[in-house]
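K.L.:
coords please:
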Amino acid sequence: MRKTVQQLIERRPELRGCADAIDRMIDLAGDTFARGGTLFTCGNGGSAADADHICGELLKGFLQLRPLASDIQEAFGNRFGDEGREAAGKLQNGLRAVSLLSHPGFSSAFANDVDPDLVFAQQLWALARPGDLLLAISTGGNASNVRKALMAAAVKGVGTILLTGNRNGCCEKYADCVVAVPEKETYRIQELHLPIYHAFCMALEARFFGGGEE
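P.N.:
Take a look at the predicted model:
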């Protein structure tokens, strides 16, 4: 068990049964980023907010500032002078993460013109490449649009993680890695999802930007 997951279990001992799955989800994402891949996220309602939240922690510094390398900062300065140096001093390195909630113009058009259940699947089909990864969140594990995104991912050659509760929903059989927290009530499931994905983001930041053990 990596250090970040061990610390998570110490804070939230009710997640001990999920430790191996959390370790695996971190490994899957880390391997995806290491080969230049992209993480996509999706969910509904509160899980949609969580999907956005995860990307926010990955695209910029979470516990660290992740400054640009000095040679890149110098390139900004050489090309754009003081303004470039100022911008480069504030920009941060990030990991390739895309929330499938991020395109409301597309989503409303596709939902109206084609099928709202396929909004996530369509974006994934258009944007993802084999070797990318989908992190899908469904508290009940039965969200039809999440299930169809997992289906599209499987055919596209995209790895899949499902973050869910213990209702044994139908989405579980479509995911490569299932992290099912030991709760049935939606709000309680969400209360356990947040510390899991914070640990997930912390471990990935430590792997790619240093500053501590995973």
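K.L.:
For M202, what is the enclosing helix or strand?
P.N.:
helix 186-209 (DSSP states H and E).
K.L.:
same question, G105
P.N.:
helix 104-113.
K.L.:
What residues sit buried inside that helix?
P.N.:
Using 16 or more other CB atoms under 10 Å as the test for burial, helix 104-113 gives 107, 110. The way it works is simple: take the backbone N, C-alpha and C, and place the C-beta from them, glycine included.
K.L.:
now swap in stretch 159-166 and tell me
P.N.:
159-165.
K.L.:
got the phi/psi numbers for C177?
P.N.:
phi -140, psi 130 (degrees, to the nearest 10).
K.L.:
and it, what pLDDT?
P.N.:
Predicted confidence (pLDDT) for C177: 98.
K.L.:
Over to E214?
P.N.:
On the pLDDT scale, E214 gets 73.
K.L.:
How about M1?
P.N.:
82.
K.L.:
Next, the buried residues of the helix holding M202.
P.N.:
189-190, 192-193, 196-209.
K.L.:
Need the CA coordinates for the helix or strand containing A126. CSV is fine.
P.N.:
Using DSSP H and E, A126 sits within helix 119-127. C-alpha atoms of helix 119-127 as CSV (Å, rounded to 0.1, in the frame of the first residue of the first chain):
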residue,chain,number,x,y,z
VAL,A,119,-23.5,12.8,-24.3
PHE,A,120,-20.5,11.4,-22.4
ALA,A,121,-20.0,8.5,-24.8
GLN,A,122,-20.0,10.8,-27.9
GLN,A,123,-17.4,13.2,-26.4
LEU,A,124,-15.2,10.3,-25.3
TRP,A,125,-15.5,8.7,-28.8
ALA,A,126,-14.4,12.0,-30.5
LEU,A,127,-11.6,13.0,-28.0
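K.L.:
In three-state terms, how would the residue sitting furthest away from the middle of the chain be classified?
P.N.:
For the chain, the largest distance from the centre (CA atoms, centre = their mean) belongs to G81, which lies 35.8 Å off. Following DSSP: H, G, I helix; E, B strand; the rest coil, G81 is assigned to helix.
K.L.:
Tell me who's in contact with it.
P.N.:
Listed by CB atoms under 8 Å, 6 or more residues apart in numbering, G81 has no contact partners.
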